[in-house]
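Participant: Would you be able to build a 3D model of this:
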Amino acid sequence: MTNLTDLSHRRSVGRTAIRRAAEAVATAIIRAAGWTAIVVLAAIALFLAWNSLRALDEVGIASILTGTSWYPTSDPGKFGAAPLVLGSLLVTVVALVVCVPVGLAAAVFLSEFAPRRFNEVSKAVIEFMAAVPSVVYGLVGVALVVPSVKSAFGLDSGLTALSGGIVLGIMALPTVVSISEDALHAVPSSLRHASLALGNTRWQTTYKVTIPAASSGIFAAVMLGVGRAIGETMAVLMLTGNAAVMPKTVLESVRTMTGTIAAEMGEVVQGGLHYSVLFVVGLILFVVTFAINLAADVVLERQRKRWGA
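Facilitator: Next up is the predicted model:
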């Protein structure tokens, strides 16, 4: 009997040691993956900064950001990136106007009112939308959105910031819907039950309790949608007209930062001034998207701590 007890004890100790070793290995792998991501991100930032040094020295960041003329092939070259920044801003604003109301409404419906079967099918469709290549969205935009915008506003060309923004808004919808729905699901059921017990209807509970409680997550969803829109390349290259001028309305052709890099990088002399200025544009875009995603992560973390998730 004693031998059996000792054997059982040794087996228990052995299993515990194996579990601890497995946990240590898993922890080490996760830590290494985290540090790898940080190192890669830092390396990208350093790479962009290193290749931007010539432009920062010869042109200056202030001249690049405030200049309104983008004629990189003239003599001397003019590298005012303000039209590119404004073009990206206009397209992103239109995308937000499209995706935020629709995305939030869809997330509220799926989270609070949709039948379970419909919810499952809708999630599959949303995931599929996120997986569709951007060039496909661009082709659909060229075939449907551009002619519609041209006809609706009587324009000479439908290749405008409005066309690009509408398509980008549709592309950002899966991000806004998915994260907003997760934020709504994270709201404790006790809050809903308490609201219903006080006599509120489901709709009153949704807009008085659930949505305000999930506001941090919804904000994060919007910020990530902004990052998705401002970082898009192919769709805007195909739909915005690529005119590097200072636009006054969304019904004019614009050129975005991403579109400029994609269109011109293959034609510049490596190591030249134009090449370096494009890296400055890329660095500006990197800083903006990093700040947007960082803000979204901070807000999401605040919500997790608030609800103890």
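Participant: where are the low-confidence patches of the stretch 151-300 of the chain?
Facilitator: Within the stretch 151-300 of the chain, the segments meeting pLDDT under 70 span 300.
Participant: quick one: the helices in it?
Facilitator: 161-185, 189-197, 202-205, 211-213, 215-230, 234-239, 257-264, 273-307 (DSSP state H, counting those that start in this stretch).
Participant: Of all those, which one is nearest residue 74?
Facilitator: helix 273-307 (10.7 Å; CB to CB). Every C-beta, even on glycine, is put in place using the N, C-alpha and C of the backbone.
Participant: Make JSON lines from the helices of the stretch 151-300 of the chain and add mean neighbour count and distance to residue 69 to it.
Facilitator: Below are the helices of the stretch 151-300 of the chain laid out as JSON lines (neighbours: other CB atoms under 10 Å; distance: least, CB to CB, whole Å):
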{"stretch": "helix 161-185", "mean neighbour count": "26", "distance to residue 69": "19"}
{"stretch": "helix 189-197", "mean neighbour count": "13", "distance to residue 69": "55"}
{"stretch": "helix 202-205", "mean neighbour count": "14", "distance to residue 69": "53"}
{"stretch": "helix 211-213", "mean neighbour count": "17", "distance to residue 69": "45"}
{"stretch": "helix 215-230", "mean neighbour count": "23", "distance to residue 69": "23"}
{"stretch": "helix 234-239", "mean neighbour count": "26", "distance to residue 69": "21"}
{"stretch": "helix 257-264", "mean neighbour count": "21", "distance to residue 69": "13"}
{"stretch": "helix 273-307", "mean neighbour count": "18", "distance to residue 69": "13"}
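Participant: can you list those helices in TSV and add distance to residue 21?
Facilitator: As requested, these are exported to TSV (distance: least, CB to CB, whole Å):
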stretch	distance to residue 21
helix 161-185	34
helix 189-197	39
helix 202-205	49
helix 211-213	42
helix 215-230	37
helix 234-239	47
helix 257-264	47
helix 273-307	30
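Participant: Quick one, which of those helices gets closest to residue 29.
Facilitator: Per CB to CB, nearest to residue 29 of the helices of the stretch 151-300 of the chain: helix 273-307, 22.0 Å.
Participant: so what does the closest one touch, helix or strand wise?
Facilitator: Counting contacts by 3 or more CB pairs under 8 Å, 6 or more residues apart in numbering; DSSP states H and E, helix 273-307 packs against helix 2-58, helix 61-66, strand 78-79, helix 82-108, helix 215-230, helix 257-264.
Participant: Recalculate using a threshold of 10 Å.
Facilitator: Judged by 3 or more CB pairs under 10 Å, 6 or more residues apart in numbering; DSSP states H and E, helix 273-307 is in contact with helix 2-58, helix 61-66, strand 78-79, helix 82-108, helix 161-185, helix 211-213, helix 215-230, helix 257-264.
Participant: of the helices of the stretch 151-300 of the chain, which approaches residue 33 most closely?
Facilitator: Of all those, helix 273-307 sits nearest to residue 33, with 16.8 Å by CB to CB.
Participant: Distance from that closest one to the middle of the chain?
Facilitator: Helix 273-307 sits 9 Å away from the centroid of its parent chain (CA atoms, centre = their mean, to the nearest Å).
Participant: that older thread, I'd like the helices and strands packed on helix 273-307 laid out as a markdown table, including distance to residue 200.
Facilitator: Below are the helices and strands packed on helix 273-307 laid out as a markdown table (distance: least, CB to CB, whole Å):
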| stretch | distance to residue 200 |
| --- | --- |
| helix 2-58 | 43 |
| helix 61-66 | 50 |
| strand 78-79 | 58 |
| helix 82-108 | 15 |
| helix 161-185 | 16 |
| helix 211-213 | 13 |
| helix 215-230 | 18 |
| helix 257-264 | 45 |
